[in-house]
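A.B. asks: Fold the following for me, if possible:
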Amino acid sequence: MVGVVWYGRWRGEGRGKSATREIGGPGVDKAATGGGGREKRRWIPACAGMTEGGNDGRGGWATLRRTGFVFLIEFDGIESRDRSRMARSSAVATKSGKSRKKRSQSKRVTMAARADRHALYEQAVQGPEAEVGFIDRVYKKSYGRVPTLLREDFCGTSIAACEWVRRRRGNRAIGVDLDSQVLEWAEGHNIASLTADQRSRITLLNEDVLQVRPEPVQVITAMNFSYMTFKERSVLRSYFRQVREGLQPEGLFICDCYGGTEAQDTIEEDRACDGFTYIWEQADFNPVTNETLCHIHFTFPDGSKMKRAFTYDWRLWSIAEIREIAHEAGFSQSTVYWEGTDSDTDEGNGVFRPTTKGEVCAGWVSYIVFE
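C.D. replies: Numbers count the residues shown, from 1 in each chain. As a prediction, the model looks like this:
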């Protein structure tokens, strides 16, 4: 008869060592061993059929140990009634062990599984305060005052529109996006965090930016390169024309763009953020069509990964192409704002100034302002 002692106190425990045991597990007590029955101990390798407190497939009960071995204790002189009691206790322990295992598994939910991809994106990519500050600066430069009415195309989580209505009491914002799911997220998170007055000054439209016709505004933005989803010149021109028609006489259209020697390569870059790592992957590039396929991934300290949290199938438009197409759509002039370089890090410093000549570098981001 092979019995299982589920817990107790050991002295000199170890494989291949002699040991004495003070029995204290359910189903086995001193009476069960006759008050001092002899114990025979032996190590055997754990087999696939064994579970904690389960049957070892050969009629005996065994407890798996993390070492990959099972410690079997054979008792002499156990009465049949004691065997039954031991079996019942082992079954109870088996059930309890499975419950503990389930609870343990539920506690091992990864950081990636718990994370919110939209919140991660906002933290890693977006800077609404700086963006709104830039809009104020260039508009005032053109028209001598700050604007009050903004339309954010491809608004996504609407973080910039929310920052806009926070900036000044008289500011109003319209957000436009074709994705109803992300607009619901925006409503439940960013807009929900606004005051009642601020919420009254923001409107989200679940519409196509190629067809939307809200009231004319002073500024329209298309940030985070979202317009690059339009791969054909005629479609991009249609979008720019629609934007031009959606502006007041004293209006600006502002978009960002990116490029550089690495923009046409397949690369993967990572950047540490607060509590996670942001990864930008350029998975494919076709130099014949300038089409590019990019992904955003997030990794976490526990080793988990949110793979392809976002995927972008774009055409990488150059600054020259964007300006030419916008002028064809009716804009009279455009200005490129190039980002400066931090002398210590040799990276972008977040300061954008007008220029007619850019710098040859591995990667750059710029704004283009259209009037």
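
A.B. asks: any idea how far the residue lying closest to Ser238 once chain neighbours are set aside lies from Glu245?
C.D. replies: Spatial nearest neighbour of Ser238, excluding adjacent residues (Cβ to Cβ, 6 or more residues apart in numbering): Leu210 at 6.2 Å. In this view, the C-beta of every residue, glycine as well, is placed from N, C-alpha and C. Note on Leu210: its distance to Glu245, by Cβ to Cβ, to the nearest Å, is 12 Å.

A.B. asks: ok, back up a step: could you say which helix or strand holds the residue nearest to Ser238?
C.D. replies: Assigned by DSSP states H and E, Leu210 belongs to no helix or strand.

A.B. asks: show me the residues around it that make contact.
C.D. replies: Contacts for Leu210 (Cβ atoms under 8 Å, 6 or more residues apart in numbering) come out as Val235, Ser238, Tyr239, Gln242.

A.B. asks: Backbone dihedrals for it, please?
C.D. replies: In terms of degrees, to the nearest 10, the main-chain angles of Leu210 are phi -80, psi -20.

A.B. asks: Reformat the contacts of Leu210 as a markdown table; add secondary structure and pLDDT.
C.D. replies: Shown next, in a markdown table, are those (DSSP: H, G, I helix; E, B strand; the rest coil; pLDDT from 0 to 100):
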| residue | secondary structure | pLDDT |
| --- | --- | --- |
| Val235 | helix | 98 |
| Ser238 | helix | 98 |
| Tyr239 | helix | 98 |
| Gln242 | helix | 98 |
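
A.B. asks: Drop anything exposed from those.
C.D. replies: Among the contacts of Leu210, those classed as buried by 16 or more other Cβ atoms under 10 Å are Ser238, Tyr239, Gln242.

A.B. asks: Closest one to Arg151 out of the residues you listed, please.
C.D. replies: Nearest to Arg151, judged by Cβ to Cβ, of the buried ones among the contacts of Leu210 is Gln242 at 11.1 Å.

A.B. asks: Touching, that closest one and Val209? I think so.
C.D. replies: Yes: with contact defined as Cβ atoms under 8 Å, Gln242 reaches Val209; the gap is 7.3 Å.

A.B. asks: Nearest to the middle of the protein, which residue? Look it up for me.
C.D. replies: Closest residue to the average C-alpha location of the chain: Arg117 at 3.5 Å, with Cα atoms, centre = their mean.

A.B. asks: Using PDB, write out the CA atom coordinates for stretch 113-132.
C.D. replies: Only the C-alpha atoms of stretch 113-132 are listed here, as PDB (Å, rounded to 0.1, in the frame of the first residue of the first chain):
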ATOM      1  CA  ALA A 113      -3.500  41.200 -21.100                       C
ATOM      2  CA  ARG A 114      -4.400  43.800 -18.500                       C
ATOM      3  CA  ALA A 115      -3.100  46.800 -20.500                       C
ATOM      4  CA  ASP A 116      -5.200  49.200 -22.500                       C
ATOM      5  CA  ARG A 117      -3.700  49.800 -26.000                       C
ATOM      6  CA  HIS A 118      -5.300  53.200 -26.400                       C
ATOM      7  CA  ALA A 119      -3.900  54.400 -23.100                       C
ATOM      8  CA  LEU A 120      -0.500  53.100 -24.000                       C
ATOM      9  CA  TYR A 121      -0.600  54.800 -27.300                       C
ATOM     10  CA  GLU A 122      -1.500  58.100 -25.800                       C
ATOM     11  CA  GLN A 123       1.300  57.900 -23.300                       C
ATOM     12  CA  ALA A 124       3.900  56.700 -25.900                       C
ATOM     13  CA  VAL A 125       3.100  58.800 -28.900                       C
ATOM     14  CA  GLN A 126       0.900  61.800 -28.300                       C
ATOM     15  CA  GLY A 127       1.700  65.200 -26.800                       C
ATOM     16  CA  PRO A 128      -1.600  67.100 -26.900                       C
ATOM     17  CA  GLU A 129      -0.300  70.100 -24.800                       C
ATOM     18  CA  ALA A 130       2.600  70.700 -27.200                       C
ATOM     19  CA  GLU A 131       0.300  70.200 -30.200                       C
ATOM     20  CA  VAL A 132      -2.200  72.700 -29.000                       C
END
